[in-house]
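Enquirer: pasting the sequence and the predicted coordinates here, then a few questions.
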Amino acid sequence: MRIVKLDEQSKKNLLDDLLKRSPNNYTEYENTVADILSNVKKNGNQAIFEYTKKFDKADINAENIRVTENEIKEAYELIEDKELIGVIKRSKENIRAYHEKQKQYSWFDSKPDGSILGQKVTAISKVGVYVPGGKAALSSSVLMNVIPAKVAGVEELVMCTPPGKDGKINPAILVAANEAGVDVIYKVGGAQAIAAMAYGTESVPKVDKIVGPGNIFVALAKKAVFGYVGIDSIAGPSEILVIADETANPRYVAADLLSQAEHDELASAILLTTSEKLAKEVSDYVDLFVSKLNRKEILEKSLENYGYILVTDTMEDVIDAANEIASEHLEIVTANPFDVMTRIKNAGAIFLGEHSSEPLGDYFAGPNHVLPTNGTAKFFSPLSVDDFIKKSSIISFSREALEPLSGDIQKFAKAEGLTAHANSIRVRFEDNDDNVN
């Protein structure tokens, strides 16, 4: 990995480089996505069947687009390592237990004057979950997107995922979906799946919100349909940032950097350290691991594009840079990681100590692995139960509670030139002198 001395110019260059990975910068694909969305909106099933044949080489029709109970049962049999099913179930319970603590409840506050204010919390009725196929079958993403929705109380969960050439769905994805509680699964992927869930077709129902990761076409499709439906976020490529000092184990750090670099060629892996010795050791271990790991070509391209080891003079410089980068995953491997953590403002998920490696969060710990990317951790949070609820304000006033406020409300309304607003209050406290017949 390249080792760079961090200063203001190199930090600016790095931030500019990382932002190139944002889906917002891939405008050349927007017309293609717009055409797909328009076609599906107009032609429904016919369009999604044609796109599935074109992109996935699978013959899907109205009779087989929906995954059957028999296919789900078969999936359990097709998983060769039956222990994986147990792992999925245990991971599910950890994720559920964590998200149960995020639940919100309606509340009401009444006063002696007869006024009642409150907040009504309601789960979104119908949610669509997109699960990608592509380079990796992410059954863990099924759990992370579905379980908080179930905890929130979503009534219907619809899942779309692309089929293989044989028209089948990856067995691990089907098992995870069944364990998590998905209600119905459709064999459609890409931008056409987003369109189907956003607009509805003869087979795929329209949903209220769409969540889940995907490639650049999926990301741009979600961006385009926002407003027809809600979305969770427009996710960019994966990224990891490790803060480490001279006490860190370079072998662990190198392994953790590569755990994200293997996702795809646009993934980012960065080490921020005050130790030049550690920087060199980590670089050597990265080279060693890359030579032995299965996804060697992806790792090499990812590191060439967006892999950095940044060396600074002080831990304050490290923390300032980390807050600017606002990484999706942030590992802190220092002598006192909790102290460093208190000074971190921007990160999707924070992992503390040498045994809290990023894959722990991806699969098993419980917190959600759907996280803000491309610096959006400055203003976005991880996917949570909150993403699957909506809140309604509750207002109830008696005449006695309203009367002392009536003058103030009318003054406010008249100052804004909204006399009908003022009249709505006035008529409740003046005689009926309007002569309305």
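Expert: Received, thanks.

Enquirer: just say helix, strand or coil for the spatially most central residue of the chain.
Expert: Residue closest to the average C-alpha location in the chain (Cα atoms, centre = their mean): residue 370, at 3.8 Å. Under the three-state scheme (DSSP: H, G, I helix; E, B strand; the rest coil), residue 370 adopts coil.

Enquirer: contacts only, for the residue nearest to residue 398 when sequence neighbours are not counted.
Expert: Among residues not flanking residue 398 along the chain, residue 114 sits closest, at 2.9 Å (Cβ to Cβ, 6 or more residues apart in numbering). All C-beta atoms are positioned from the backbone trio N, CA, C, and that covers glycine. Residue 114 sits next to 397, 398, 399, 400, 401 when contact means Cβ atoms under 8 Å, 6 or more residues apart in numbering.

Enquirer: would you mind giving those residues as CSV with distance to residue 243 and pLDDT added?
Expert: Formatted as CSV, the contacts of residue 114 follow (distance: Cβ to Cβ, whole Å; pLDDT from 0 to 100):
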residue, distance to residue 243, pLDDT
397, 53, 96
398, 57, 94
399, 60, 94
400, 59, 94
401, 54, 95
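
Enquirer: nearest to residue 308 among the residues you listed?
Expert: residue 397 (58.7 Å; Cβ to Cβ).

Enquirer: hmm, that closest one is touching residue 115, no?
Expert: Yes - using Cβ atoms under 8 Å, residue 397 is in contact with residue 115, at 4.9 Å.

Enquirer: residue 272: neighbour count?
Expert: 27 (other Cβ atoms under 10 Å).

Enquirer: point out where this protein drops to low pLDDT.
Expert: Flagging of the chain using pLDDT under 70 yields the residue ranges 134-136, 432-437.

Enquirer: where along it do the strands fall?
Expert: Using DSSP state E, the strands of the chain run over 3-5, 107-110, 116-123, 126-130, 156-161, 184-187, 209-211, 230-231, 239-244, 268-273, 307-311, 329-333, 349-352, 389-396.

Enquirer: need those strands in CSV with distance to residue 383, can you?
Expert: Putting the strands of the chain into CSV (distance: least, Cβ to Cβ, whole Å) gives the following:
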stretch, distance to residue 383
strand 3-5, 33
strand 107-110, 24
strand 116-123, 15
strand 126-130, 11
strand 156-161, 14
strand 184-187, 20
strand 209-211, 7
strand 230-231, 11
strand 239-244, 16
strand 268-273, 20
strand 307-311, 26
strand 329-333, 14
strand 349-352, 11
strand 389-396, 13
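
Enquirer: right, so of the ones you listed, which gets closest to residue 428?
Expert: strand 389-396 (14.7 Å).

Enquirer: list the neighbouring strands of the closest one plus their orientation.
Expert: strand 116-123 (antiparallel) (DSSP bridges).

Enquirer: out of everything not next to it in sequence, what's closest to residue 228?
Expert: Leaving out its chain neighbours, the residue that sits closest to residue 228 by Cβ to Cβ, 6+ apart is residue 198, at 4.9 Å.

Enquirer: so the one you found makes contact with residue 230?
Expert: No - judged on Cβ under 8 Å, residue 198 makes no contact with residue 230 at a distance of 10.2 Å.

Enquirer: tell me which of those two has more neighbours.
Expert: residue 198 (25 against 17).

Enquirer: can you show me the helices along the stretch 201-350 of the chain?
Expert: 216-225, 250-261, 276-290, 296-306, 315-325, 337-342 (DSSP state H, counting those that start in this stretch).

Enquirer: against which helices or strands is the fifth one packed?
Expert: With contacts defined as 3 or more Cβ pairs under 8 Å, 6 or more residues apart in numbering; DSSP states H and E, the secondary structure elements packing on helix 315-325 are helix 8-19, strand 239-244, strand 268-273.

Enquirer: the last one: how far from the chain's middle?
Expert: Translated: strand 268-273. 22 Å (Cα atoms, centre = their mean, to the nearest Å).

Enquirer: same check, this time on stretch 314-323
Expert: Distance of stretch 314-323 from its chain centroid, counting by Cα atoms, centre = their mean, is 26 Å.

Enquirer: next: stretch 329-344.
Expert: Remark: stretch 329-344 is offset 23 Å from the chain centroid, using Cα atoms, centre = their mean.

Enquirer: dump it to PDB, keeping only the CA atoms.
Expert: Output in PDB follows, covering the C-alpha atoms of stretch 329-344 (Å, rounded to 0.1, in the frame of the first residue of the first chain):
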ATOM      1  CA  HIS A 329     -16.400   1.800   9.300                       C
ATOM      2  CA  LEU A 330     -13.900   3.200  11.800                       C
ATOM      3  CA  GLU A 331     -11.600   0.900  13.900                       C
ATOM      4  CA  ILE A 332      -9.600   2.400  16.800                       C
ATOM      5  CA  VAL A 333      -6.600   0.300  17.700                       C
ATOM      6  CA  THR A 334      -4.700   2.500  20.100                       C
ATOM      7  CA  ALA A 335      -3.400   2.200  23.700                       C
ATOM      8  CA  ASN A 336      -6.600   3.900  24.900                       C
ATOM      9  CA  PRO A 337      -9.300   3.500  22.200                       C
ATOM     10  CA  PHE A 338     -12.100   4.800  24.400                       C
ATOM     11  CA  ASP A 339     -10.400   8.100  24.900                       C
ATOM     12  CA  VAL A 340      -9.900   8.400  21.100                       C
ATOM     13  CA  MET A 341     -13.600   7.500  20.500                       C
ATOM     14  CA  THR A 342     -14.800  10.400  22.600                       C
ATOM     15  CA  ARG A 343     -13.200  12.800  20.200                       C
ATOM     16  CA  ILE A 344     -14.700  11.100  17.100                       C
END
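
Enquirer: for that stretch, buried residues please.
Expert: Residues of stretch 329-344 classed as buried: 329, 330, 331, 332, 333, 334, 337, 340, 341, 344 (neighbour count, 16 or more other Cβ atoms under 10 Å).

Enquirer: neighbours of the nearest residue to residue 178 once chain neighbours are set aside, just the number please.
Expert: Closest residue to residue 178 apart from its sequence neighbours, by Cβ to Cβ, 6+ apart: residue 72 at 5.2 Å. Using other Cβ under 10 Å, residue 72 has 17 neighbouring residues.

Enquirer: do I have it right that residue 11 meets residue 321?
Expert: Yes - under the criterion of Cβ under 8 Å, residue 11 makes contact with residue 321 at 5.8 Å.

Enquirer: got the contact list for the residue nearest to the centre of the chain?
Expert: 141, 144, 145, 211, 212, 213, 232, 233, 235, 382, 383 are the contacts of residue 370 under Cβ under 8 Å, 6+ apart.
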